[in-house]
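1. the amino acid sequence is not available; the structure is as follows:
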């Protein structure tokens, strides 16, 4: 098992998320609060999570049973690819329709139709990869 979405990984993700005003600031403006988990497709449970309050990550780490609003899954290859080159709107749509990106919990359609959430969601891939 790699260190993808490990405690250290999630702490770096949190720091980059909170430092990115186009991500945390945009979500703060809409009062976005959520718990988002990330993991590998086919595994029983997600590997890591972020707890977001008013756009900012206030807690993160290895997943250990937290209640989730979102549970995002993809293959390690897909995550690595998106961290190096974040998908745009079209790429994200293709990943979702081809089942390369799965929402085990959460409503992709509602999120992607709201530009106030869609833009920051795409931006989160940049923060994930550093």
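-> Alright, I've got the coordinates. Since the model is a prediction, treat every value here as computed from it, not as a measurement.
2. contacts and neighbour counts: CA atoms only from here.
-> Noted.
3. and the contacts of the helix or strand of the chain with the lowest mean pLDDT?
-> For the chain, using mean pLDDT, DSSP states H and E, the weakest element among its helices and strands is helix 108-112, scoring a mean of 83. For helix 108-112, contacts defined as C-alpha atoms under 8 Å, 6 or more residues apart in numbering pick out 117, 118.
4. repeat for stretch 116-127
-> Outside stretch 116-127, the residues that touch it by C-alpha under 8 Å, 6+ apart are 13, 16-17, 20, 22-24, 26-27, 30, 82-89, 92, 111-112.
5. re earlier: run the chain-centre distance for the least confident helix or strand of the chain.
-> 13 Å (C-alpha atoms, centre = their mean, to the nearest Å).
6. in it, what counts as buried?
-> For helix 108-112, the neighbour count (16 or more other C-alpha atoms under 10 Å) marks 108, 112 as buried.
7. now the helix or strand just after that helix: how far from the chain's centre is it?
-> On the C-terminal side of helix 108-112, the closest following helix or strand by DSSP states H and E is helix 115-129. The chain centroid and the centroid of helix 115-129 are separated by 8 Å under C-alpha atoms, centre = their mean.
8. can you say which of the contacts of stretch 116-127 are buried?
-> Buried, going by 16+ other C-alpha under 10 Å: 13, 16-17, 20, 23-24, 26-27, 82-83, 86-87, 92, 112, out of the contacts of stretch 116-127.
9. compute the number of surrounding residues for residue 12.
-> Look at residue 12: counted by other C-alpha atoms under 10 Å, it has 16 neighbours.
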